[in-house]
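>>> Have a look at this prediction, sequence included:
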Amino acid sequence: MGSLLKTKDLRVNFNVQSGFLKELFSKEKKQVKAVDGIDFHINKGEIVSLVGESGSGKTTTGKAILQLLDHVEGEVLYDGSQINKRDKKQIKSFRQRAQMIFQDPYESLNSKFKIMDIVAEPLEINKKIRNEDEKREKVKEALEWAGLKPAEAYMDRYPHELSGGQRQRVVIAAALILNPEFIVADEPVSMLDVSVRADILRLMVDLRDKKGISYLFITHDISLAWLISNRIAIMYLGKIVEIGDVNKVISSSLHPYTKALINVMPKPKISKEKRKRMVLKGETPNPSNIPSGCRFHTRCPFAEEKCRVEEPALAQYSEGHFAACHFAEKLLEGAE
Ligand code: SF4
């Protein structure tokens, strides 16, 4: 599997909006380091999950990769070429090859349009159709890939006539219509009934296997990541703190934050002996005021003095399995 996408030191900073008076008298402009220097890659035909609590920077990472934000620093390499936001021709082609699916299928579909027109919109924008017959044929194909069969039964309906699961399939069909190789799926099942979540996840895996689509799957739920990923990256306050093959991260996690996320997984199929009981203390710190040293030290039950002053680097512990914790090896031994 060759690499499809690579980030190098990816960073996104936002200015914090404070009160008017504070803004007037303060010389310092506060910044939130939403994404604070992350390096990872996604291979062709691979699903990599980005997992973390809300506010960890997952969605911002997905949008930064797709060049949907201003103030992105660092590099995004796609299929060997560095993406340059000022190169309009390159961005146009990149936006056809790489798509995003958002979490809310109710918000992402325009209720005034028929399914036919919603799914065909990217074709129209990119001037990819010559006539109505071609448009209908392409929409039919995309709807059927997304599992809405027979497609003719959906084309002339409106979003409000469909269930949540069917709407998310329409969103997926609209993402598929330009034949992308890569999709950023941002919490694509979190707004859906539990009964249809597995169907949508199965569809995503099916599209990977049959069409070779690669995904960045963004989720707060590590059990979903465990179900569908090849690899998992754990994100905390703008940084990746652990990354590796799905089985290694779930059964031999190295970072205390990963262990805490695994601990709340519903009925994980991992041995009880390997699961160390650990509950997260306190709230996620404010991203405009990231703790010194290891950014997880304010919540970590294993924190020592070194953790408060020295930031741990992401280090490799076995093939492709990296973690950013001063005591990862010691914690792993303790868990066995
Ligand atoms: Fe916990 Fe220290 Fe490891 Fe950070 S470096 S995760 S505070 S033990």
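Okay, I see it. Residues are numbered from 1 along each chain as shown.
>>> Which positions in the stretch 201-336 of the chain make contact with the ligand?
By CB under 6 Å from any ligand atom, the residues of the stretch 201-336 of the chain that approach the ligand are 255-256, 294, 296-297, 300, 302-303, 307, 312, 325-327. For the C-beta atoms, the positions are set from N, CA and C on the backbone; glycine is no exception.
>>> Out of these, name the ones that lie in helices.
Among those, DSSP state H puts 256, 307 in helices.
>>> With pLDDT and distance to residue 133 added, can I get the residues of the stretch 201-336 of the chain next to the ligand in JSON lines?
JSON lines is the format used below for those (pLDDT from 0 to 100; distance: CB to CB, whole Å):
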{"residue": "255", "pLDDT": "96", "distance to residue 133": "54"}
{"residue": "256", "pLDDT": "95", "distance to residue 133": "59"}
{"residue": "294", "pLDDT": "97", "distance to residue 133": "60"}
{"residue": "296", "pLDDT": "96", "distance to residue 133": "57"}
{"residue": "297", "pLDDT": "95", "distance to residue 133": "62"}
{"residue": "300", "pLDDT": "93", "distance to residue 133": "61"}
{"residue": "302", "pLDDT": "92", "distance to residue 133": "64"}
{"residue": "303", "pLDDT": "93", "distance to residue 133": "65"}
{"residue": "307", "pLDDT": "97", "distance to residue 133": "64"}
{"residue": "312", "pLDDT": "97", "distance to residue 133": "59"}
{"residue": "325", "pLDDT": "97", "distance to residue 133": "59"}
{"residue": "326", "pLDDT": "97", "distance to residue 133": "63"}
{"residue": "327", "pLDDT": "94", "distance to residue 133": "64"}
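>>> Inside strands: which ones of the residues of the stretch 201-336 of the chain next to the ligand?
Assignment to strands by DSSP state E places none of these there.
>>> in the sheet, who's paired with residue 43?
Beta-bridge pairing for residue 43 (DSSP bridges): residue 3.
>>> Quick check: the closest residue to residue 149 other than its chain neighbours vs the ligand, distance?
Spatially, and ignoring its direct neighbours in sequence, residue 149 is nearest to residue 143 (7.7 Å; CB to CB, 6 or more residues apart in numbering). Distance, residue 143 to the ligand, by CB to the nearest ligand atom, to the nearest Å: 46 Å.
>>> Count residues in the vicinity of residue 143, would you?
Here the number of neighbours of residue 143 (other CB atoms under 10 Å) works out to 27.
>>> For it, which three-state class applies?
Classification of residue 143 using DSSP: H, G, I helix; E, B strand; the rest coil returns helix.
>>> mind checking how far it is from residue 152?
9 Å (CB to CB, to the nearest Å).
>>> Same question for residue 230.
Relative to residue 152, and taking CB to CB, residue 230 is found at 35 Å.
>>> Neighbour count for those two, which is higher?
Shown here are residue 230 and residue 152; by other CB under 10 Å, residue 230 has more neighbours (18 against 12).
>>> Spatially nearest residue to the more buried one, not counting backbone neighbours?
Take residue 230 and drop its neighbours on the chain: the residue closest to it by CB to CB, 6+ apart is residue 46, 4.6 Å away.
>>> pLDDT wise, what is that neighbour at?
For residue 46, the pLDDT comes out at 97.
>>> quick one, what contacts residue 155?
Applying CB atoms under 8 Å, 6 or more residues apart in numbering to residue 155 gives the contacts 114, 115, 116, 136, 139, 140, 143.
>>> what number of residues lie near the fourth one?
If I follow you right, that is residue 136. 16.
>>> One more: the fifth one?
Neighbour count of residue 139, defined by other CB under 10 Å: 24.
>>> All good on my end, thank you.
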